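Chemist: What follows is a predicted protein model with its sequence.
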2 protein chains.
Amino acid sequence: MHPVIEHNFQAGDVPGVLWSPPFQNAAPIVLMGHGGGLHKKAPGLVARAHDAVTSWGVNVLSIDAPGHGDRPRSRADDKAREAMRTALSAGDNEAFAQASITYMSALTPQAVTEWQQALDAVQARPEIDPSAPVAFGGGVSMGTAFGIPLTATDPRIKAAIFGGGLFTYDYLLQAARKVTVPVQFLLPWDDEHAPREGGLALFDAFASREKTLHANPGDHRTIRWHTLDNEFLPRHLGMLPN
Amino acid sequence: MHPVIEHNFQAGDVPGVLWSPPFQNAAPIVLMGHGGGLHKKAPGLVARAHDAVTSWGVNVLSIDAPGHGDRPRSRADDKAREAMRTALSAGDNEAFAQASITYMSALTPQAVTEWQQALDAVQARPEIDPSAPVAFGGGVSMGTAFGIPLTATDPRIKAAIFGGGLFTYDYLLQAARKVTVPVQFLLPWDDEHAPREGGLALFDAFASREKTLHANPGDHRTIRWHTLDNEFLPRHLGMLPN
């Protein structure tokens, strides 16, 4: 088991963290995106990141999404979050869906650009091999809402793990249709907010020849990163035979 | 890796085969059911059985379903198969579904009884520990059409792997609602005969607290036994920590 080295850094306006093994040998880079309202060192994300570093010796990159973590919140952020809170406390799931989709859509272009800038910054580090393969290694809900357009856009990403628990909207479906790399998709079967049909439609939309849906009982708050194929990332990052 | 010992036997009218490791030590028993038109030693089934014996040291039991393999075919079997063939060659999937459901339904009670008798016979063998745990270890299509009612009925079965590629009908849904043991369900996402929605409804119906749907692109003929959790059976058969 490798110890984990933590590098905190700033890529332009974006605070990021890179977890690495102590000895670099062209180690791949795995991107992990936090969920809505969370941040780059949310406990669940840190646990998965450490597991990936110690199990496979990869680098894991996490950044704060716009308006999250150590980032300033704009008035638009506050307004959007207020709209979601109001809808939730009124038990109005339709209004919650609309508010959530509006907020995700507004943040997506910036979030995708920032992911690419942060990856540029990591690949420019002296201890990192810029030709090492890259994967999107997970992130449910908002992490996936950004991860799908990112994976559709950035040819550096060679495989992706996405997680449900997010509303499916046209922009996301269109992005999914452009994803051709191998995909694992984790769907909470009983999400109390995001309809199951939307998650199934999103899985259906990926253009990838290799894609697997893993669905488990569980609601939005108890999405568990299990029943996935744990060798999916190392296999597609060239660390195990295909 | 263990070598595999093959015992061919007859349990009443039912020809069966038991694949075992050379040294028994209260080894669990895994039941594998063949698909429609196939038999107890269909190549795919034999490969999965050998893999289970050599990887985990379990016993694997396979039997010929009524009207299949070394069993005599009744006029009713011939008629039912003819109806399916006619529907298929006419490209009439609705008629194929009806013929297939009618045939599966007619065979199910006998098939379930015979599975139980064959398991009785195996448990009575001197080298087998009759208290060793039992699992239904897979079988797509017809194998699952019989495996679900069997698992709902026989309390010896502690975990089950089912595979889609079968039409979903009321009897099967009702049986699925009685299944409470941990389930893995493998769904071919693009089955050209059995509608995807039926497979999803079947997964939804299992009463099991622990159940996982694994869906992959692929049609009825190319269902691949991959992306499952390979430690599922050993975990639930007491061979790995839960």
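Modeler: Noted; the coordinates are in hand. What you see is a predicted model; the values in this text were computed from it and never measured.

Chemist: could you pull out the strands for chain A?
Modeler: Taking DSSP state E as the test, the strands found in chain A are A:5-11, A:14-20, A:29-31, A:59-63, A:134-136, A:157-163, A:183-188, A:211-216.

Chemist: and the fifth one, what does it pack onto?
Modeler: Looking back up the chat, that one is strand A:134-136. Applying 3 or more Cβ pairs under 8 Å, 6 or more residues apart in numbering or on different chains; DSSP states H and E, one finds that strand A:134-136 contacts strand A:29-31, helix A:142-153, strand A:157-163. Where you see a C-beta, it was placed from the backbone N, CA and C, and this is true even at glycine.

Chemist: Look up the pLDDT of the residue of chain A most remote from its centre for me, please.
Modeler: Distance from the C-alpha centroid of chain A peaks at residue A:90, with 28.9 Å (Cα atoms, centre = their mean). Per-residue pLDDT puts residue A:90 at 95.

Chemist: Ok, the one 3 residues further on next?
Modeler: Per-residue confidence for residue A:93 comes out at a pLDDT of 92.

Chemist: how deep is it tucked in, by neighbour count?
Modeler: 16 (other Cβ atoms under 10 Å in any protein chain shown).

Chemist: And for residue A:67?
Modeler: 21.

Chemist: how far away is it from chain B?
Modeler: Look at residue A:67 and chain B: by Cβ to the nearest Cβ, to the nearest Å, they are 34 Å apart.

Chemist: from memory that residue sits against residue A:79, does it?
Modeler: No. At 10.8 Å, residue A:67 and residue A:79 do not qualify as touching, with contact defined as Cβ atoms under 8 Å.

Chemist: picking that back up, so for residue B:185, which of the helices and strands packed on strand A:134-136 sits nearest?
Modeler: Comparison of the helices and strands packed on strand A:134-136 against residue B:185 by Cβ to Cβ identifies strand A:157-163 as nearest, at 19.2 Å.

Chemist: From the contact counts, what lies against the closest one?
Modeler: If you count contacts as 3+ Cβ pairs under 8 Å, 6+ apart, strand A:157-163 packs onto strand A:134-136, helix A:142-153, strand A:183-188, helix A:232-236.

Chemist: Name every strand pairing with the first one and say which way it goes.
Modeler: Taking DSSP bridges as the criterion, strand A:134-136 pairs within the sheet with strand A:29-31 (parallel), strand A:157-163 (parallel).

Chemist: out of those strands, deepest packed?
Modeler: strand A:29-31 (a mean of 26; mean count of other Cβ atoms under 10 Å in any protein chain shown).

Chemist: State the mean pLDDT of that strand.
Modeler: 97.

Chemist: Show residues contacting it.
Modeler: Contacts of strand A:29-31 with the rest of the structure, by Cβ atoms under 8 Å, 6 or more residues apart in numbering or on different chains, involve A:49, A:52, A:58-62, A:115, A:119, A:122-123, A:128, A:132-137, A:147, A:150, A:157, A:233, A:237.

Chemist: Spell out which parts of chain A neighbour chain B.
Modeler: Proximity of chain A to chain B, by Cβ under 8 Å from any Cβ of the partner chain, involves residues A:187, A:189, A:200, A:203-204, A:209-217, A:227, A:229.

Chemist: show me what contacts the closest residue in space to residue A:236 that isn't next to it in sequence?
Modeler: Nearest residue to residue A:236 in three dimensions, chain neighbours excluded: residue A:159, at 3.5 Å (Cβ to Cβ, 6 or more residues apart in numbering or on different chains). Residue A:159 makes contacts with A:135-136, A:181-183, A:232-233, A:236-237, as judged by Cβ under 8 Å, 6+ apart.

Chemist: Neighbours of residue A:113, how many?
Modeler: Using other Cβ under 10 Å, residue A:113 is surrounded by 15 other residues.

Chemist: any idea how far chain B is from it?
Modeler: Taking Cβ to the nearest Cβ, one finds residue A:113 at 31 Å from chain B.

Chemist: If I follow the layout properly, residue A:219 ends up in contact with residue A:187?
Modeler: No. If you go by Cβ under 8 Å, residue A:219 and residue A:187 don't touch, sitting 11.8 Å apart.

Chemist: Pass me the low-pLDDT residue ranges in chain A, would you?
Modeler: In the predicted model of chain A, residues A:1-2, A:222-224, A:242 satisfy pLDDT under 70.

Chemist: Return the residues in contact with residue A:143.
Modeler: A:32-35, A:163 are the contacts of residue A:143 under Cβ under 8 Å, 6+ apart.

Chemist: and the nearest residue to it once chain neighbours are set aside, backbone torsions?
Modeler: Spatially, and ignoring its direct neighbours in sequence, residue A:143 is nearest to residue A:33 (3.1 Å; Cβ to Cβ, 6+ apart). Backbone torsions for residue A:33, taken as degrees, to the nearest 10, come to phi -110, psi 130.
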